[in-house]
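>>> Return atomic coordinates for the entry below.
(one chain, ligands or ions: 3)
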Amino acid sequence: MKRRKFIKNTGLGAGSLLSGISAVSFLESCGENHMMNGDGMNMGGQPVSVKEGNFSRPLPVPNTVTGNTTLTAQATTANINGSNIPVLGYQSKGLLGPTIRVNSGVNASINFQNNLSEKSNIHWHGLKIPAIMDGHPEDVVNPGSSFNYQFSVNQRAALSWYHPHPDRATARQAFQGLAGLFIINDTEEAGLNLPSGIYEIPLVIQDKRLSSSGITYNPSMGEVMSGFMGETILVNGEASPFAEVTTRFYRVRMLNGSNARIYNLALSNNADLIIIGNDGGLLKSPSAVKNILLAPGERLDVLVNFAGLTAGMEVFLESKEINNAGNAQGKQGFKILKFKITQTVNDSFTVPVSLSSISTVSPSSSSKTRNFNINAMQMGGGMNMTGMHRINGKTYDKNRIDETVAASTTEIWVFDNSQGDEPHPMHMHGVHFQVWERSGGRGQLIPSESGWKDTVLVMPGEIVKIIIPFSTLTGVFVFHCHNLEHEDDGMMLQYKLT
Ligand code: C2O
Ligand code: CU
Ligand code: CU
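Numbering: from 1, shown residues only. Ligands and ions are numbered 1, 2, ... in the order given. Prediction:
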């Protein structure tokens, strides 16, 4: 606890009457580098170890609905690990909500009915839609009321998702069960004849803290700092499930729907994860890896080939140990999902050499570069230990526009975590971007970062540059860290596209 020590040494105890504002200037005058030298200290909670289950329950798959539907946020119950516990959901039984599946070009009309006892709304994470339909933190729906989200889906095939986004309640509502998938299909994707139907498996991966009385959400100060993690890994709302597969290619589409936990995904038989897509849809060409990081908010579209295995064998999707992601992520490897091979079949599928035409946006087309310091502990939240996560020294203020951007221009945004000691998955509303460069930390782009993204992981020590072609969807959007505790703690700003 470096900060504690610092405070003690300077005589500013927790009982100090020092105001937030003078704390800022006082601490800033000490120099950030002096305080935060990126030596891997984690200011937050201790790692929460994962308790693996026995992989004896079948993987549930959310049912699929069209873009003309009703989503009712409600308190309900879910059967997890064999017991019924109270949760929140977008349907009358179980965690999560249905998977919305649409073709690119359709008009969606989704009636959101808020049957919670508190305000909520829906953000369509990954959809490029008008600001008034985007689920801005201030555009909330009162308990008992409804709102009709209407937008046309004018973007390429991709796996997007939806979740609540009310100011300072996003993390709790999402952790208690509110989230769902939103799949867009298009003709380019259809032309690839990728595995579909039962051979296309969606996976919402989330960690939860479970007790017999429900899903516990009570972050301590340290957990606001590190993010709130759980000991139980759920996939599609079930703990440690299994999926039956045959000896062929499967398309596995994954969302990290956790609040704060990052996964280092791999297969237990050391087979390739053949990455074909990410947040914004298909990559240009496939990229085979043995393991890949997936941060909260990010999606991954992979092909997995079970050919060569025999009936009765088991392969686990697992998370390998993660290095350099701050202490709170822990150093533990664990299993997420069991694939049980049930029978041998013939498979004629071959992995396409080329997937999609994607033009690289050149940095020279950028008309402006904006720099964002995302180091945690830019101090100044007063002595109450809230507002510890900031962007350029600021926490979210609904009455302040932080960046004004001209419609239809291209910009470079730089997320600088070079002095930070925590991972920050940075997410932008209203746009898709390309990741141009990473320096420090991992020092390079990873295979899932080609193509289009809406969330990019910035690890401790890293500076990541992204290129954003802004559209004509004028209005006010937020951008924030998708560690949801960080977001609710204020690590979110607003940009106005004009
Ligand atoms: Cu998935 Cu603003 O969030
Ligand atoms: Cu979003
Ligand atoms: Cu963060």
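>>> what separates Leu234 from ligand 2, distance-wise?
Separation of Leu234 from ligand 2 (Cβ to the ion, to the nearest Å): 21 Å. Where you see a C-beta, it was placed from the backbone N, CA and C, and this is true even at glycine.
>>> per-residue confidence at that residue?
At Leu234 the predicted local distance difference test score is 98.
>>> For burial, what's the neighbour tally of the closest residue to Leu309 other than its chain neighbours?
Distance criterion Cβ to Cβ, 6 or more residues apart in numbering; nearest residue to Leu309, sequence neighbours excluded, is Ile341 at 4.8 Å. Number of residues near Ile341 (other Cβ atoms under 10 Å) recorded here: 17.
>>> what does Ile336 give?
The number of residues packed around Ile336, counting by other Cβ under 10 Å, is 23.
>>> what's the distance between the residue nearest to Leu309 and Val102?
Going from Ile341 to Val102 by Cβ to Cβ, to the nearest Å gives 33 Å.
>>> do Gln155 as well
With the distance defined as Cβ to Cβ, Gln155 ends up 11 Å from Val102.
>>> Now stretch 471-479: buried residues?
Along stretch 471-479, these residues count as buried under the neighbour rule (16 or more other Cβ atoms under 10 Å): Leu473, Thr474, Gly475, Val476, Phe477, Val478, Phe479.
>>> Whether it contacts ligand 2 - can you check?
No. Among the residues of stretch 471-479, none lie within reach of ligand 2 under Cβ under 5 Å from the ion; the closest is 8.2 Å away.
>>> Give me the pLDDT value at whichever residue of the chain sits closest to ligand 2.
Residue nearest to ligand 2 within the chain (Cβ to the ion): His125, separated by 3.6 Å. You'll see His125 listed with a pLDDT of 98.
>>> Which residue, other than its chain neighbours, is closest to it?
Trp161 (5.1 Å).
>>> tally of neighbours for Ile463?
If you count neighbours by other Cβ under 10 Å, Ile463 ends up with 17.
>>> do the same with the one 3 residues further on
Neighbouring residues of Ile466 were enumerated by other Cβ under 10 Å; the total is 23.
>>> Met225: which element?
Taking DSSP states H and E as the definition, one finds Met225 inside helix 221-226.
>>> for that helix, packing partners?
Contact here means 3 or more Cβ pairs under 8 Å, 6 or more residues apart in numbering; DSSP states H and E; on that basis helix 221-226 packs against helix 484-488.
>>> does any bit of the helix it packs on sit next to ligand 2?
No. When contact is scored as Cβ under 5 Å from the ion, no part of helix 484-488 falls within range of ligand 2; the minimum is 10.3 Å.
>>> can you tell me the residue of the stretch 201-350 of the chain closest to ligand 3?
Closest residue of the stretch 201-350 of the chain to ligand 3, Cβ to the ion: Gly227 (7.3 Å).
>>> For the closest residue in space to that residue that isn't next to it in sequence, which residues are in contact?
Take Gly227 and drop its neighbours on the chain: the residue closest to it by Cβ to Cβ, 6+ apart is Ala260, 2.3 Å away. If you count contacts by Cβ atoms under 8 Å, 6 or more residues apart in numbering, Ala260 has them with Ser226, Gly227, Phe228, Met229, Pro296, Ala328, Asn483, Leu484, Glu485, His486.
>>> Any chance of TSV for those, columns distance to Leu96 and pLDDT?
Supplementary listing: these in TSV, determined by distance: Cβ to Cβ, whole Å; pLDDT from 0 to 100:
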residue	distance to Leu96	pLDDT
Ser226	25	92
Gly227	20	96
Phe228	18	97
Met229	19	97
Pro296	15	98
Ala328	25	90
Asn483	20	98
Leu484	16	98
Glu485	20	97
His486	23	97
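>>> And those residues, which two are furthest apart?
Between all members of those, the longest pairwise span (Cβ to Cβ) is found for Ala328 and Leu484 and amounts to 13.8 Å.
>>> hey, what's in contact with both of these two?
Common neighbours of Ala328 and Leu484 (criterion: Cβ under 8 Å, 6+ apart): Gly227, Ala260.
>>> before we move on, the earlier item: which strand residues bridge the residue nearest to His125?
His125, Leu181 (DSSP bridges).
>>> Over to Lys465?
Note on Lys465: beta-bridge partners Val414, Glu437, judged by DSSP bridges.
>>> returning to that earlier point: now do the same for the stretch of helix or strand the residue nearest to Leu309 belongs to: mean pLDDT, whole number.
Under DSSP H and E, the secondary-structure element containing Ile341 is strand 334-343. Average pLDDT, strand 334-343: 98.
>>> list residues touching both of Gln155 and Val102?
Overlap between the neighbourhoods of Gln155 and Val102 consists of Ile184, taking contacts as Cβ under 8 Å, 6+ apart.
>>> now the strands: where do they sit in the stretch 251-400 of the chain?
If DSSP state E, counting those that start in this stretch is used as the criterion, the strands of the stretch 251-400 of the chain fall at 263-267, 273-278, 281-289, 291-294, 299-305, 314-319, 334-343, 368-373.
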